[in-house]
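Enquirer: Quick one, fold the following:
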Amino acid sequence: MNRWQKGEFLEIERELAKDWRQVLSNLSFDYYIGMVKNIIPPDTKLNSLQAIKKFVDEFVKSNDKAVLQLAFEVLGIPQKARIVIMKRWEEEKLPSLHEFAPYGAYVFKVDLLFYLALDKSFISRERPSNKIDLAYLYYLPFCMVFVSRDNLHARVAPLFMENGQTFINGDDLKADMKKLDEYYSKLPDEVKEQGIMRFATYPPEDMETLIAQLWDKYLPIWRKHAKEKRNEKKDSEDSKKLVEHLNNLEKNSQPIITERPVTADEADHVMFQRSMHLRKGKWKLLPPEVEEQLKKEGKL
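Expert: The predicted structure follows:
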């Protein structure tokens, strides 16, 4: 990942990417469409994506063995795994797939909707890569905000959203980011030299932005913290102590080698290391003292 971040790609990686694009252009879904359209009762009309989604939700709630078997086929579950899964399903007294494997059921519903929508021509067959585009919805249960410029995402993602999730059009977010760029560009040079992690910790409080609305929705306490940050006196000594403490933790940390995974609750402390650029476009990211400290430690 560090190498890719620098734009360094091996020739074999370029060839694999080329082969992958070729595979996408030749995808055929006739087998799966023929399989899933048989689950629709003769008297059931699916005249919209919303109707398909409602039908799929009800279908997956069933504890019929045929639902689990269809999921095996659609999701491409290996034969050896199917035997184990089926045994566990029977031991748990035949629950619905929705109860038995919630995330598996969710992915199954995404794929079912896709194939049924292809059959009903709500999604075009002319673009095989639609299947890959829709696979981004697999991540939807793990996010609060889903951003995309893709028209298929705009039509389908809201159908699967719940618990207050938000869909944002990518063009709207881009325009909002441009407003923020213009706002911060007007700051004095001495402020910008401090790095955006210092002067742009929170959205501007004195302007209406889409990003501020999202912060208000999902992390409303940010305005209180922003006010406290604005009013507090800078205490570089405390910051210095914190950096020293983190450096000591890193220096004294040892990788855990055990026969079983160790959870974060069991460990005294857990450290995650990430690589990052010092600048992003025209913007400096880190405060000067942090950059200087990294140079002293030989990390730059």
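Enquirer: Low-confidence regions, the stretch 151-300 of the chain specifically.
Expert: Scanning the stretch 151-300 of the chain for pLDDT under 70 picks out 232-240, 242, 255-259, 300.
Enquirer: Show me where the stretch 201-300 of the chain has its strands.
Expert: Using DSSP state E, counting those that start in this stretch, the strands of the stretch 201-300 of the chain run over residues 279-280, 283-284.
Enquirer: Please work out which of these is packed deepest.
Expert: strand 283-284 (a mean of 16; mean count of other CB atoms under 10 Å). For the C-beta atoms, the positions are set from N, CA and C on the backbone; glycine is no exception.
Enquirer: partners of that strand, with directions?
Expert: strand 279-280 (antiparallel) (DSSP bridges).
Enquirer: Please tell me how far the strand it pairs with is from the chain's geometric centre.
Expert: Centre-to-centre, strand 279-280 and its host chain are 23 Å apart (CA atoms, centre = their mean, to the nearest Å).
Enquirer: Stretch 3-23 too?
Expert: 22 Å.
Enquirer: out of the strands of the stretch 201-300 of the chain, nearest to residue 142?
Expert: With CB to CB, the closest approach to residue 142 among the strands of the stretch 201-300 of the chain belongs to strand 279-280: 24.8 Å.
Enquirer: Please list the residues outside that closest one that contact it.
Expert: Residues outside strand 279-280 that contact it (CB atoms under 8 Å, 6 or more residues apart in numbering): 196, 285.
Enquirer: Mind doing that once more with 10 Å?
Expert: 195, 196, 285, 286 (CB atoms under 10 Å, 6 or more residues apart in numbering).
Enquirer: cool, stretch 8-19 as well?
Expert: Under CB under 10 Å, 6+ apart, the answer for stretch 8-19 is 2, 3, 4.
Enquirer: The residues you listed in helices, which ones?
Expert: 2, 3, 4 (DSSP state H).
Enquirer: Which phi and psi values does the closest residue to the first one other than its chain neighbours adopt?
Expert: The spatially closest residue to residue 2, leaving aside those adjacent along the chain, is residue 275, at 5.3 Å (CB to CB, 6 or more residues apart in numbering). Torsion angles at residue 275 (phi, psi; degrees, to the nearest 10) stand at phi -90, psi 150.
Enquirer: Any idea what residue 168 is bridged to?
Expert: residue 147.
Enquirer: That one: what's it in contact with?
Expert: 145, 146, 147, 148, 149, 154, 176, 210, 211, 213, 214.
Enquirer: From residue 283, how far off is it?
Expert: From residue 168 across to residue 283, the span is 22 Å (CB to CB, to the nearest Å).
Enquirer: what do you get for residue 227?
Expert: Where residue 283 is concerned, residue 227 sits at a distance of 24 Å (CB to CB).
Enquirer: same question, residue 20
Expert: 33 Å.
Enquirer: repeat for residue 117
Expert: For residue 117 relative to residue 283 (CB to CB), the value is 42 Å.
Enquirer: still on that earlier bit, looking at the contacts of strand 279-280, spot the one nearest residue 68.
Expert: residue 285 (49.0 Å).
Enquirer: for the closest residue to the closest one other than its chain neighbours, what are its contacts?
Expert: Excluding the flanking residues, the one nearest residue 285 by CB to CB, 6+ apart is residue 195, at 5.3 Å. Applying CB under 10 Å, 6+ apart to residue 195 gives the contacts 278, 279, 283, 284, 285, 286, 287, 288, 289, 290, 291.
Enquirer: again, 8 Å this time
Expert: 284, 285, 286, 287, 288, 290, 291.
Enquirer: Backbone dihedrals for it, please?
Expert: phi 90, psi 140.
Enquirer: just use 2 as the starting number from now, easier for me
Expert: With the count now opening at 2, the last piece we talked about shows up as residue 196.
Enquirer: Residue 76: which of the strands of the stretch 202-301 of the chain is closest?
Expert: strand 280-281 (38.3 Å).
Enquirer: OK, contacts around residue 157?
Expert: Contact analysis of residue 157 by CB under 8 Å, 6+ apart lists 50, 114, 135, 138.
Enquirer: Which one among those residues sits at the bottom for pLDDT?
Expert: Of all those, residue 135 has the smallest pLDDT value, namely 92.
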